[in-house]
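next comes the sequence, and after it the predicted model I'd like to discuss.
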Amino acid sequence: MHQTSWMTSTILNRLSANAGMLLVRSLWDYCPEHMFIVRVEGPADFVIEAMNPTRQAMLGDEATYTGKRIEQLLPPPLCHGVIANLHRCVECASPIRYEEKGGYLDRDGICQQGHWQTLLVPITNQEGAVTHLFGVSRDMSLLPEQPVGAYSESKEFERRVHERTAELVAANEHLTHLATHDALTDIYNRRYLLELAELELRRASRYEQPLCLMMLDIDHFKKINDIEGHLAGDEALRRVARTILATVRECDLVGRYGGDEFLILMPETTATGAREIAERLRRTMTQTTPLTISIGIASLEPSDHFVVDLIHRADTMLLQAKRNGRNRIECAA
Ligand SMILES: Nc1nc2c(ncn2[C@@H]2O[C@H](COP(=O)(O)OP(=O)(O)OP(=O)(O)O)[C@@H](O)[C@H]2O)c(=O)[nH]1
């Protein structure tokens with residue numbers, strides 16, 4: 001098996017367990033390459049378990065990273081590329097090499113462009129299942145120093161390639177943002193939210209975790225358009241989006257479903273928890289804006305196979321909230 005072949009090789013085989021541990025520890029602590037360990041929670045679900053000091057120096061303290069999922073730490077589209085490679089390594093259950101580029105936030109929260117060459121090694125349990133992935137990444141943005149005066153043309157060429165690559169990466173990120181976000185409110189658009197929601201639903205079903213969906217709609221929104229004009233209507237939609245983002249948790253997925261309807265998918269949240277968040281949102285909306293909202297909540301049931309099942313129940317509850325007088329919350333039992 002790949003994962004044990006190095007253990008049986010010559011010199012390591014002669015080391016005592018303690019010396020072996022010291023060797024691993026020295027490599028981890030002093031290696032100038034980035035090292036990390038990721039826990040495999042599902043086919044497309046990966047949690048950071050550890051990062052060596054080199055990686056922490058670039059991205060932030062271990063405490064900021066450990067226990068977090070890749071998509072919580074890296075912005076799209078970089079996180080999609082990373083998850084795809086992690087998934088590929090789990091699928092083939094053998095080491096893979098790849099290059100990745102993209103924007104990320106450094107330890108000071110500043111957006112940087114990264115370029116890494118990574119070796120990913122699967123770690124299996126006794127049953128042969130891949131439980132963790134060990135990665136070593138070389139930071140390709142750290143180009144080797146060249147002698148002063150020499151290769152100036154190639155340096156200039158490299159500088160232009162870097163500049164061009166950075167422009168392309170930025171343009172690519174911009175296009176990805178346009179394709180995944182609603183142009184008016186800048187929250188997720190319907191298509192992308194539903195795509196993410198299907199993944200969340202599969203994950204929650206598989207691990208039997210609670211999941212709730214909130215559908216909300218502005219009360220008498222048509223009147224704002226009719227009386228104050230469409231620009232005022234647009235501003236009301238942006239305001240609702242901002243209020244939602246400021247009220248829900250970071251891991252909740254917020255998107256515009258269409259018109260004045262918004263969806264909020266809340267992972268690891270029970271119906272009771274969702275009702276509390278919905279009540280907070282309803283109250284904040286009435287206290288900080290001239291608007292009121294109605295909310296329908298549905299929680300994941302074992303018979304749900306697709307997000308549309310949840311949407312259907314949340315929509316029915318929303319309709320009930322409207323019928324029962326608006327500015328209220330209804331939750332599917
Ligand atoms: N300004 C603006 N209006 C929009 C946009 N998309 C949809 N609308 C309007 O949103 C309104 C939706 O109204 P409804 O949800 O059907 O009804 P309502 O007035 O909110 O009434 P209740 O939902 O029953 O409380 C319609 O007038 C649409 O024209 C948009 O992007 N901008």
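Alright, I've got the coordinates.

look up how far residue 241 lies from the closest residue to the ligand within the chain.
Distances between the chain and the ligand by Cβ to the nearest ligand atom are smallest at residue 233, namely 2.6 Å. All C-beta spots, glycine's among them, are computed from the backbone N, C-alpha and C. Separation of residue 233 from residue 241 (Cβ to Cβ, to the nearest Å): 13 Å.

how far off centre is stretch 73-90?
Averaging C-alpha coordinates over stretch 73-90 and over its chain gives two centres that are 9 Å apart (Cα atoms, centre = their mean, to the nearest Å).

residues of that stretch that come out buried?
73-83, 85-87, 89-90 (16 or more other Cβ atoms under 10 Å).

which segments of this protein make up each domain?
Split into domains by automatic domain parsing, the chain comes to 2-139, 143-180, 190-331.

of the ones you listed, which shows the lowest average pLDDT?
Mean pLDDT is lowest for domain 143-180 out of the domains of the chain, coming in at a mean of 74.

strands along this protein, start to end?
34-42, 45-51, 96-105, 111-124, 130-139, 211-218, 253-258, 261-267, 293-299, 329-331 (DSSP state E).

residues from this structure in reach of the ligand?
184, 217-222, 225, 230, 233-234, 237, 259-260, 322, 326 (Cβ under 6 Å from any ligand atom).

filter these down to the buried ones and hand me the PyMOL line.
Buried members of the residues of the chain next to the ligand, defined by 16+ other Cβ under 10 Å, are picked up in PyMOL with:
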select buried, resi 217+218+219+221+233+237+260+322
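
so of the residues of the chain next to the ligand, which ones are in helices?
221, 222, 225, 230, 233, 234, 237, 322 (DSSP state H).

the last one: what's it in contact with?
For residue 322, the residues meeting the contact criterion (Cβ atoms under 8 Å, 6 or more residues apart in numbering) are 217, 219, 294.

switch to 10 Å and redo it
Taking Cβ atoms under 10 Å, 6 or more residues apart in numbering, we find residue 322 in contact with 217, 219, 294, 296, 328, 330.

nearest to residue 66 among the ones in helices among the residues of the chain next to the ligand?
residue 237 (37.7 Å; Cβ to Cβ).

test my guess that that closest one contacts residue 289.
No. Here residue 237 lies out of contact with residue 289, judged by Cβ atoms under 10 Å, at a distance of 11.4 Å.

quickly list what's touching both of these two.
Common contact partners of residue 237 and residue 289 (Cβ under 10 Å, 6+ apart): residue 218.

centre-most residue in this protein?
Closest residue to the average C-alpha location of the chain: residue 71 at 2.0 Å, with Cα atoms, centre = their mean.

pretty sure it is touching residue 267, no?
No. Assessed by Cβ under 10 Å, residue 71 is found out of contact with residue 267, at 11.1 Å.

any shared contact partners between those two?
Joint contacts of residue 71 and residue 267 (Cβ under 10 Å, 6+ apart) are residue 251.

pull the longest helix from the chain.
Determined from DSSP H, the single longest helix within the chain is helix 152-180.

give me the helices and strands touching that one, please.
helix 78-92, strand 96-105, strand 111-124, helix 190-206 (3 or more Cβ pairs under 10 Å, 6 or more residues apart in numbering; DSSP states H and E).

can you redo those as JSON lines with distance to residue 155?
Formatted as JSON lines, those follow (distance: least, Cβ to Cβ, whole Å):
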{"stretch": "helix 78-92", "distance to residue 155": "27"}
{"stretch": "strand 96-105", "distance to residue 155": "20"}
{"stretch": "strand 111-124", "distance to residue 155": "17"}
{"stretch": "helix 190-206", "distance to residue 155": "41"}
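
sorry, back to before: which residues does the residue of the chain closest to the ligand contact?
184, 218, 221, 222, 223, 224, 225, 226, 227, 260.

recalculate using a threshold of 6 Å.
Residues in contact with residue 233, defined by Cβ atoms under 6 Å, 6 or more residues apart in numbering, are 224, 225.

now swap in residue 264 and tell me
For residue 264, the contact set (Cβ under 6 Å, 6+ apart) comprises 214, 248, 252, 254.
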